[in-house]
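>>> here's a sequence, model it:
(one chain, ligands or ions: 1)
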Amino acid sequence: MKKMLICLAAAVLFSACSNNRDGARPPMMGWNSWNAYMVDISDSIIMNAADMMIAKGLKEAGYDHVNIDDGYFGYRDSLGYMVPHPVRFPNGMKHVPEYIHSLGMKAGIYSDAGHNTCGSNYNKDPHGLGAGLWQHEIQDAERYFNDWGFDFIKIDWCGGSKLGLDVEQRYMRIREIIDSVANKPIDINVCRWRYPGTWVSKVGSSWRVSGDIRPNWPSICDMINKNLYLSAYAGGGHYNDMDMMVVGYNGGKDSAFWEDSYGSNFGLTFDEEEAHFTMWCAMSSPLLIGCDLTYIPQETIDIITNPELVAINQDRLGLQAHVIQHDGEGYVLAKDIEKRHTGPRAVTLYNPSDSALTFTIPAEAVGFAGGMTVRDLNERRDLGTCEVIEMTLPAHYAKLLRVEGKRTDIQVYEAEWAYVQDFTRVRQKEITKYETYPGASCNAVATSVGGRAEGNLQWRDVYMGKGGRYAVSVLCAAAPGTEIVLTVNGKEHRTAVTAEGLNPVNFMADFKRGVNVVTVGNPEVMIPVVDCIRIISTK
Ligand code: GAL
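Now for the predicted structure:
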C-alpha cells in the first residue's frame, strides 16, 4: 500500500542570485521608470531610483538594472542625433548611465522600432514623434550605447505597427545594426505585446508576451495565463517577459495616480504581491520593479528580496516552469533547477481563484519515485519527507517548493510543453495553438498540429536513464485513417488513427540513454488535437 504522508496540513500562511553556469544568462532584475512616472521622468528621478536601489538593499538582492523608459526624448539635432528632453534632462544624458554604472549597476534605455513612440500617441508627448529608431538606427545605436553608454534597450512597437512593418524583419535588422555599431554586447527586450515567433530568441534576451500589466489581481492572472504554455520558448538565456512587477503600491505615493486610473480595482494585498512575485520567479520572467522606490513598503521589499525565491528565478538552468497538474481552478507547475534531469525541481502551486484550494500532488506527477524532501521557499523552512504533497492555499496565492528525491524518467510529455518551430501569436497565420481542453491530461492540448514540418510538436529534452526500446502512445484526435508521424532522434515511425475522439495511437521506438528529441505530427496532414505522449518501458 502506498504510504501517504501529509507534508503540511492546511496551515499555509495567511500569513542570491546564483551564477548561471549552464551558459544561460538569468532573467534581468532591476527597476523601470514607466509604471510610476510614465513620460514624466527626469535625470533626478532616475538617479534617485538608482540611489534607492542601493539604500533599500535591492541591488544587493540582485536588482542591478536601472532602466529609463519612454519620456526622455527631446529632439533630433541638425544631423539627426537624439538630444534628450531639455527640461527633464537639462544636463544631457551621459551622466545618468555614468552615475548608474558608478553604483555598480547597469543602465537601460527605451525606443521604438518605428518612427513614433507609444508615449507620443497614448501620453500625447510630442517629443516622441520621430524619436523611434526608424531611419536613425545607426545614429541612435552610436548615441545610446557608445556615447551615452547604455547596456540594454527595450524596443517598443507602436511606431513599427503604424508603419506596417514586418515584425520579424524589422527587429532582426535592428539587432544586426546594434551588433555592428555598439562597442559592447547589448541586451534587447522586444516589446511586441504578444509572443512574436521563435525568431525572437535571435534578437532579444526577453520579449513581452502581453499588453501592459495593471496593478490588480485579474491582470496578474491574465499575464500568467498568457505565459502558461510558452515554456518551450524560454531557455538558453532568453525569457518570456510578463511585464514589470506591480508591487509596492500599498500606501505608496503612486496610489493616487493609479486610483484615478483604476478606481477601486486598484492594488494588490501583500499576499497577492507575494503570489505575483512567486509566479514571476517560477516562470523565469524578468524581475523589474515598477513603483516609486522612495515609498516602497518594507513588506514589499521583504517579498521581492526573498533569496530563495530569487534563486529560482535566477537558477543556472534558466528554465521556465510548465504545468504538470491542473485540477479545478488550481495549477501546479514544475521545472528542473540546479541540475537537469537528475537534480531537484521547483514545484509551484498556484491558486488564482477567490477561495482556498487544496492541492494533492503525488510524487510521480512531479517526476519522483517515492519519497520527496520538500522545502517551502516562501516561508524558508523545511517541510519534511512525503510521497504526496498535500497543501491548502488561500485565495489569490502561490507557493514555491524545492523538491528533492529519486527521479523517474518522466514518462508523460504534454503537448503544451512542446516546441513548434513556426509558433507565433503575431501573424494571422496562427496555426498551432495551445488550448485548455477539459478532460485532457492537465486540461490542455495543442490543436492544429502539423500540416507542415514546422508545425509539428517537438520535445527536445526527453531524458532516458536507460537506452532501449520503449512503447510510445500518442494521445490525440484525428479522423480515422490519418497517419500520426512520430520521430525519435530523426527516425520516423507512422501509425494510423483507428477511432474517432481522443485516443492513444501506439508506437514502438528506440531511445538512447540521455537526451532524446521526439516529434509528433504529420508534415502533410494537420492533426486537430494532440494531448500528450506517454513513454512506457517495454521491459
Ligand atoms: C508600451 C509598453 C510599456 C511602456 C510604454 C511607453 O507600449 O508596453 O511598457 O514602455 O509603451 O510608452
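>>> and the strands in the stretch 151-300 of the chain?
Counting by DSSP state E, counting those that start in this stretch, the segments of the stretch 151-300 of the chain that form strands are 152-156, 187-191, 206-208, 239-241, 287-289.
>>> nearest to Gln314, out of the ones you listed?
Each of those has some distance to Gln314 by CB to CB; the shortest is strand 287-289, at 8.7 Å. For every residue, glycine as well, the C-beta is placed using N, CA and C.
>>> give me the neighbour count for the nearest residue to Asn67 once chain neighbours are set aside.
Residue nearest to Asn67 in three dimensions, not counting chain neighbours: Gly108, with 3.2 Å by CB to CB, 6 or more residues apart in numbering. Residues contacting Gly108 under the criterion other CB atoms under 10 Å number 27.
>>> longest single helix anywhere in this protein?
Scanning the chain for the helix with the most residues, using DSSP state H, yields helix 167-181.
>>> rounded mean pLDDT for that helix, please.
Confidence over helix 167-181 (mean pLDDT, whole number) is 98.
>>> same deal with stretch 324-341?
Per-residue scores along stretch 324-341 average to 95.
>>> check stretch 87-96 too.
Averaged over stretch 87-96, pLDDT sits at 98.
>>> can you mark which positions in that stretch are buried?
Judged by neighbour count using 16 or more other CB atoms under 10 Å, the buried positions of stretch 87-96 are Arg88, Phe89, Met93, Val96.
>>> who's Val515 bridged to?
Bridge pairing for Val515 (DSSP bridges) gives the partners Tyr463.
>>> so who does it touch?
Contacts for Val515 (CB atoms under 8 Å, 6 or more residues apart in numbering) come out as His341, Arg460, Asp461, Val462, Tyr463.
>>> again, but for Ile155
When contacts are counted by CB under 8 Å, 6+ apart, Ile155 touches Tyr110, Ser111, Asp112, Ala113, Leu133, Tyr171, Ile174, Ile188, Asn189, Val190, Cys191.
>>> up against the ligand, what does the stretch 1-150 of the chain have?
Contacts of the stretch 1-150 of the chain with the ligand, taken as CB under 6 Å from any ligand atom, map to Trp34, Asp69, Asp70, Thr117, Cys118, Gly119.
>>> got JSON lines for those residues, with pLDDT and distance to Met372 too?
Listed next are these as JSON lines, based on pLDDT from 0 to 100; distance: CB to CB, whole Å:
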{"residue": "Trp34", "pLDDT": "95", "distance to Met372": "41"}
{"residue": "Asp69", "pLDDT": "98", "distance to Met372": "43"}
{"residue": "Asp70", "pLDDT": "97", "distance to Met372": "47"}
{"residue": "Thr117", "pLDDT": "96", "distance to Met372": "50"}
{"residue": "Cys118", "pLDDT": "96", "distance to Met372": "46"}
{"residue": "Gly119", "pLDDT": "94", "distance to Met372": "49"}
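>>> closest to the ligand out of the buried residues of stretch 87-96?
Arg88 (14.6 Å; CB to the nearest ligand atom).
>>> quick check: closest non-adjacent residue to that closest one.
Ser42 (4.4 Å).
>>> you'd agree the one you found is up against Phe89?
Yes: Ser42 lies in contact with Phe89 (CB atoms under 8 Å); the separation is 6.7 Å.
>>> mind checking the SS state of the residue of the stretch 401-539 of the chain found nearest the ligand?
Nearest to the ligand in the stretch 401-539 of the chain, going by CB to the nearest ligand atom, is Val426, at a distance of 14.7 Å. Look at Val426: counting by DSSP: H, G, I helix; E, B strand; the rest coil, its state is coil.
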